[in-house]
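>>> show me the folded form of this:
(3 chains)
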Amino acid sequence: MRRLSYVPGSSLLHRLHPICKLLLLLIYTGVVWTNSHLPFAAGLLGLLLISFWAAGLGFMGRSRRIISFSVMILLVQTLFVRQGAPLCQLNVGRLTVAFWSGGLAAGAVAVLRFLNTIGSSYLFIATTDPNHLAVALMQAGLPYRQGFMLITALRFLPLFQYELTQIQRAQMAKGIDLEGLGPRKLAAAVRHLLIPLVLSALGKVDSLAISMEGRAFGLHPKRTYRVQCRFSPKDWLILLLFPLLLHSLGLILS
Amino acid sequence: MKSYRFSNRDLLVIAVLSGIGGVMSTYIGYLGNLLNNLLGVPFGAGQFVAGLHVFWLVLAAGLVGRPGTAALAGLLKGTVELLTGSTHGVAIVLVSLIQGAVLDVVLYVVGEGSLGYALGGGLAAASNVAVFQILYFSGAPWGYLLFISVLALISGILFAGSFGKGVLDLIRVVQPTRLAAGRAPNKRSLALSAVLLVLFSAGALYYFASVYQPPWAGPECRVEGAVESPISFQLSRFASQEKTISAELKGQVTYVAPQDYTGVPIKAILAEARPKEGAETVRVVATDGYEVPFPLADVLNDDDMILIQEDDTLRLIAANYAGGYWVRQVSRLVIE
Amino acid sequence: MDPIIVIDNLTFTYEGASRPALKGVDLEIWPGEFILLTGPSGCGKSTLALCLNGVIPNGYPGSMEGKVLIGGRQTTSFGPGELAGIIGLVQQDPDSQLCTLKVVDEVAFGPENLCLSPGEINRRVRWALGAVGALHLWDREVYTLSGGEKQRVAIASVLAMTPQVLILDEPTANLDPRGVWEVIDVIERLRREEQTTIIVIEHRLERILPLADRLLVMEEGILQEGSPQRPPVDYPTKPAVPITKEPILKVENLTAEWEGRSLLEDVSFAIHGGEIIAIMGDNGSGKTSLLLSLLGLIQPKQGKITFAEQDITHRKAHDRARLMGLALQNPNHQLFSRTNLEEAALPSRNLRMGGADEGEILDLLGEFELSPERLPFTLSLGEKKRLILVSLLAYRPSVLLLDEPLVGQDDERIRQLLAILYDHAACGGVVLMVCHEVALVNSFDRVLFLEEGRLVIDAPPARAHEQLLARGRREYLGESKCVD
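Below you'll find the model as predicted:
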């Protein structure tokens, strides 16, 4: 079952203001995406691993899909980038596959970029309560009607998950065989799964709208909040120091 | 209550659909992997379910019927996926947002109908290939990218466009008055359309002018560093100085028998850039960061070191050096 | 003193509808009154509620004649949302009216939208949660609540708006007997302790009627001051049929888990051909899980399931579905086809020897008044449930597993359904049915009562009645009737 990946805790990262963390994530990702220097990328990964340790998080799940996507990136880059010194050559029948040092380097850079991207994202979501994030964004100026879309969408996730399971069970009870994957079967499976899910979900919109509007949702352009999230000096400090840290890491490793 | 661009109900429709889209994306991912395994390829075939990610955006756009809906739904769906631990992290927010934006633009320009949904769904689904290509697959050849883009396009047309339209029609039958009155597409002013078209074409123009390298124009290369006049050139600029040499590639594993190569001597190119006094090295740098250093003095006296065009890229033929020095995809010559 | 609500000759027709949903409704409600409004489903009760909170005509397309005045002012003269602090509406479905992740946020939602100060918001949240006896739920995540708890939070979230009139539209319709008791307790308490004008729309009259100042009855869009008299309904009793000596279905020490949560613990029972059995228990007590694991849709962790002396514990769901037909509680999750006929034939195509018998299916559809060509998604809740039942009957599994099949059916329909189920038993079949309607259950052969995944009662109705009493589960003893 797909749940929120937030892991409650009380580490420094957990206690930072959600918007501070969001900005850190965006800075980090921006640097990761615009840089293809191998030692620097490796250094960033090191930084990330230290943060994981500091936040008291274990290794993130879904490692199989992460590994398979990494292998796929590495394969594409090493197969198609033919630069640098040739390393080895495989003969598969009439096909000759050569590996080049440049390809391997490009592959390593791309894999590190992928790992840095998802690693930092996971660190962010694992240490940030999505509810706090949405509230903080609204308090920082995101129009609250849009902000509540996120909260409402998250509110309904467990329900949709449950409905999805029920629909699959109902199909099995009717002897609809979902094993095997011909194109026609795939299309039928998609239709049978998605249509009941969509209709059931849209059926909730009416009473949800009545309930929310009945409680003055959208009545005023602004609203107040029971609890205020505020930027602490610590947040400002870290936000200022982080780019410096990245910059010096870049200088040391170049 | 103020009158808003999106009514509360519109926003809730978008929220609910993005929520299910987020929940379903894991399953769609598994389905993609299953297809890959089934066809025995490591990747690519999974693009055949790419359209299912766009399906939700098509539904939202169709039910709300206002420009901007799909982008908003895309942003929200991506965020839900991020918060539920997508294996792509923040990249998924970008991918999903772009898919929504592409769909919005197409629906705005073409209008909401079978054609708009099919075209919008197809292009939106295919757009994910471009984003991932830029991020992770810079080295992949265009032919391959084209192939998986087409796969994604077809998937988008089928699952997002055609199936999406079918489900929209069904929703209108099931909940005729309340939910899906299917607001008629806004009357868009000619001026707005024109502005959009200009922006769109400007973007395309920029891409083709500065980023894209058409095969016929030939790849570009820069000379920079300690030179009097840094230049950026295409090989055709030095056409008059072209020469043909015979060279033999001796790598650690690869061997290519002597054959003729036609191109421009590096020394001719460097002569134009005029290296500064005291410069000692030329670094030949490839697009992916691979680089090889040569002593500047040697290069300036080497008649057998030429830059040739191979496929769509530049390649260094260094007849007096081993295979590792024959840099492919040359993009810069840095003098130091 | 002036009436707070005045309705003057109100008629409303939904866009596209052939008949008006409300016809010439006149009504005056005075501050502090407690009104009970009842009537069969689809009679226009909910439409009246939506007219009072201004959603009609502001939010729904349709034509309205007559006047609705709140505090002397016409509802049409209020801007959208302006009635929010005056009229509060709690709806049926506890799930689709909560929009935030935590209980405290849900109750604070309204006051926050009213731009109140944090201190005032906290004060209102504390008061509203206290008023529904739910202060202990303060920090809970909404999705972890039971149905009754969700509904109490929904009431609190509306109370936090301090409305002058509180409307509760069938607040117990989607709840298990325990949830029904919880919510009715809250209504009694509000009546006792708060001065709010309350309108309750309900079928379960017994406990609420004594609280009410007035009873209103609506039928086909016409509103009348009513008397609570409803003719007692008599259902056909199950004819004596021979019960087989050997059990058809035997469950031994069944234990099941789902995602680390225990669903069933050490459940054992046996069912003989010809029996009709009621399964009762709170939501989450394992009723549905039991049906699902019989069919193999939840894999048991331990235990053995025997069908006609064959061990089927590890057979695939597809194989077991030939023997046992399952109808889940929510019909919306079980309809997949383009026409009723196609839907009714779907399981037969997959599961019946020799495929579907179209003639027989058409007969069954006719018997249940379902048009073969109609799109299943457009049916009413009761019709959808009947369609699913038809699809099961059409392939003739010997065991029928039915989760709340009678909810949403009128008395006439229930009689017809019972007759069919009794026939099924008379032919040696078995029916296992989740049902909380004591009047019906009393004529069944046995009651299985589940509590937190354990089977705690397995006895004929009369003895089960005593045991429930001994366990203090009065809510299961038929204080009310919840059928339209």
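
>>> run the chain-centre distance for stretch C:357-367.
Computed by CA atoms, centre = their mean, to the nearest Å, the chain-centroid distance of stretch C:357-367 equals 28 Å.

>>> please determine whether it lies in contact with chain A.
No. Using CB under 8 Å from any CB of the partner chain, stretch C:357-367 stays clear of chain A, with a minimum separation of 14.1 Å. Backbone N, C-alpha and C define where each C-beta goes, glycine included.

>>> pull that stretch out as CSV, backbone CA atoms only.
Output of stretch C:357-367 as CSV, limited to C-alpha atoms (Å, rounded to 0.1, in the frame of the first residue of the first chain):
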residue,chain,number,x,y,z
ASP,C,357,-27.6,-18.5,-20.3
GLU,C,358,-28.9,-15.3,-21.7
GLY,C,359,-32.6,-16.2,-21.5
GLU,C,360,-32.3,-17.0,-17.8
ILE,C,361,-30.5,-13.8,-17.1
LEU,C,362,-33.1,-11.7,-19.0
ASP,C,363,-35.8,-13.4,-16.8
LEU,C,364,-33.9,-12.6,-13.6
LEU,C,365,-33.4,-9.0,-14.7
GLY,C,366,-37.1,-8.7,-15.4
GLU,C,367,-38.0,-10.1,-12.1
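
>>> in that stretch, what's buried?
Buried residues in stretch C:357-367, counted by 16 or more other CB atoms under 10 Å in any protein chain shown: C:357, C:361, C:364, C:365.

>>> now do stretch A:219-233
A:219, A:223, A:224, A:225, A:226, A:229.

>>> and the second one, what is it in contact with?
In this structure, residue A:223 makes contact with A:144, C:112, C:113, C:114, C:115, judged by CB atoms under 8 Å, 6 or more residues apart in numbering or on different chains.

>>> part of a helix, is it?
No. Residue A:223 is assigned coil when assessed by DSSP: H, G, I helix; E, B strand; the rest coil, not a helix.

>>> and it, how far from residue C:87?
20 Å (CB to CB, to the nearest Å).

>>> same check, this time on residue C:134
On the measure of CB to CB, residue C:134 and residue C:87 end up 22 Å apart.

>>> neighbour count winner among those two?
residue C:87 (27 against 21; other CB atoms under 10 Å in any protein chain shown).

>>> would you mind confirming that residue A:211 is in contact with residue C:94?
No. Counting by CB atoms under 8 Å, residue A:211 stays clear of residue C:94, with 10.6 Å between them.

>>> check which helix or strand covers the residue of the stretch 1-150 of chain A found nearest chain C.
Nearest residue of the stretch 1-150 of chain A to chain C: residue A:131, at 4.9 Å (CB to the nearest CB). Assigned by DSSP states H and E, residue A:131 belongs to helix A:130-139.

>>> once you drop chain neighbours, what's closest to the closest residue to chain A within chain C?
Using CB to the nearest CB, the closest approach of chain C to chain A is made by residue C:350 at 3.0 Å. Spatially, and ignoring its direct neighbours in sequence, residue C:350 is nearest to residue A:175 (3.0 Å; CB to CB, 6 or more residues apart in numbering or on different chains).

>>> can you tell me the SS state at the one you found?
coil.

>>> ok, it touching residue C:345?
No. If you go by CB under 8 Å, residue A:175 and residue C:345 don't touch, sitting 11.7 Å apart.

>>> contacting residues for residue B:224?
Residue B:224 touches B:230, B:332, B:333, B:334, B:335, counting by CB under 8 Å, 6+ apart.

>>> which of the residues you listed fall within strands?
B:332, B:333, B:334, B:335 (DSSP state E).

>>> the helices in the stretch 151-300 of chain B, which residues?
B:163-174, B:190-206, B:266-273, B:296-300 (DSSP state H, counting those that start in this stretch).

>>> make that chain A, sorry
Secondary structure of chain A (DSSP state H): helices located at A:12-15, A:18-34, A:38-54, A:63-80, A:101-127, A:130-139, A:144-173, A:183-213, A:233-253.

>>> which of those helices comes out lowest on mean pLDDT?
Mean pLDDT is lowest for helix A:63-80 among those, at a mean of 79.

>>> wait, a helix at residue C:68?
No. Counting by three-state DSSP, residue C:68 is not part of a helix but strand.

>>> sorry, back to before: out of the helices of chain A, nearest to residue B:100?
Closest of the helices of chain A to residue B:100 is helix A:144-173, at 13.5 Å (criterion: CB to CB).

>>> tell me the angle of the closest one relative to helix A:183-213?
On the basis of axes from the mean of the first three to the mean of the last three CA atoms, to 10 degrees, helix A:144-173 is oriented at 140 degrees to helix A:183-213.

>>> quick one on the thing from earlier: mind putting the helices of chain A into CSV with distance to chain B?
Shown next, in CSV, are the helices of chain A (distance: least, CB to the nearest CB, whole Å):
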stretch, distance to chain B
helix A:12-15, 16
helix A:18-34, 5
helix A:38-54, 7
helix A:63-80, 4
helix A:101-127, 3
helix A:130-139, 5
helix A:144-173, 4
helix A:183-213, 5
helix A:233-253, 14
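
>>> CSV please, covering these and showing distance to residue C:445.
Shown next, in CSV, are the helices of chain A (distance: least, CB to CB, whole Å):
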stretch, distance to residue C:445
helix A:12-15, 57
helix A:18-34, 58
helix A:38-54, 60
helix A:63-80, 50
helix A:101-127, 53
helix A:130-139, 50
helix A:144-173, 24
helix A:183-213, 34
helix A:233-253, 67
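
>>> just to revisit the earlier point, now the two most distant members of the contacts of residue A:223.
With CB to CB as the measure, no two of the contacts of residue A:223 lie farther apart than A:144 and C:114, at 12.8 Å.

>>> wait, what's in contact with residue C:132?
Residue C:132 neighbours (CB under 8 Å, 6+ apart): C:152, C:153, C:155, C:156, C:159, C:186, C:189.

>>> how many neighbours does the second one have?
For residue C:153, the count of nearby residues is 26 (other CB under 10 Å).

>>> anything in the helix or strand harbouring it near chain A?
Element membership for residue C:153 (DSSP H and E) is helix C:147-159. Yes. Judged by CB under 8 Å from any CB, helix C:147-159 and chain A are in contact via C:154, C:157, C:158.

>>> of those residues - the most surrounded one?
Ranking those using other CB under 10 Å puts residue C:157 first, with 30 neighbours.

>>> isn't that residue up against residue C:102?
No. In this structure, residue C:157 is not within contact of residue C:102 by CB under 8 Å, at 11.7 Å.

>>> coming back round to it: output the contacting helices and strands for the helix holding residue A:131.
helix A:18-34, helix A:144-173 (3 or more CB pairs under 8 Å, 6 or more residues apart in numbering or on different chains; DSSP states H and E).

>>> got the angle for the shortest one vs helix A:130-139?
Right, the one you point to is helix A:18-34. Going by the same axes, to 10 degrees, helix A:18-34 makes 90 degrees with helix A:130-139.

>>> buried set for helix A:18-34?
So, applying 16+ other CB under 10 Å, buried residues of helix A:18-34: A:18, A:19, A:20, A:21, A:22, A:24, A:25, A:28, A:29, A:31, A:32, A:33.
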